[in-house]
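Peer 1: only geometry, no sequence info:
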């Protein structure tokens with residue numbers, strides 16, 4: 001069995017500021033598809049990793065996102 005090198009992959013931290021924040025993983029390839037979703041309640045934290053299967057993460061709701069590039073706040077939908 002071949003080990004995959006995951007040491008150089010990016011991680012992001014998502015902290016829910018309100019209940020019901022949706023975190024959706026999107027696939028790589030010619031057709032982008034949803035492959036995983038989580039719902040976070042206020043104060044919950046998720047650490048997500050970009051992998052050979054995950055090329056993007058969609059966050060819906062009011063959350064703080066920490067990346068190697070800085071901090072982003074996703075706004076509450078009005």
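Peer 2: Now that the structure is in, tell me what you want to look at. The structure displayed is predicted, hence computed values, not measured ones.
Peer 1: quick one: residue 65 and residue 58 touch, right?
Peer 2: No. Using CB atoms under 8 Å, residue 65 is not in contact with residue 58; the gap is 11.2 Å. For the C-beta atoms, the positions are set from N, CA and C on the backbone; glycine is no exception.
Peer 1: When these two are compared, which one has more neighbours?
Peer 2: Using other CB atoms under 10 Å as the criterion, residue 65 and residue 58 rank with residue 65 on top: 17 against 12.
Peer 1: Could you check the pLDDT of that one?
Peer 2: Note for residue 65: predicted pLDDT of 96.
Peer 1: Give the bridge partners for it, please.
Peer 2: Residues in a beta bridge with residue 65, per DSSP bridges, are residue 14, residue 72.
Peer 1: Also residue 57?
Peer 2: Assigned bridge partners for residue 57, using DSSP bridges, are residue 25.
Peer 1: Just give me the neighbour total for it.
Peer 2: 17.
Peer 1: Please apply the same query to the one 3 residues further on.
Peer 2: Here the count is done by other CB under 10 Å, and residue 60 has 14 residues near it.
Peer 1: Name the nearest residue to it, sequence neighbours excluded.
Peer 2: Excluding its sequence neighbours, the residue lying closest to residue 60 (CB to CB, 6 or more residues apart in numbering) is residue 22, at 4.3 Å.
Peer 1: how much space between the one you found and residue 49?
Peer 2: Note on residue 22: its distance to residue 49, by CB to CB, to the nearest Å, is 18 Å.
Peer 1: Name the residue closest to the centre of the chain, please.
Peer 2: Nearest residue to the geometric centre of the chain (CA atoms, centre = their mean): residue 57, 4.3 Å.
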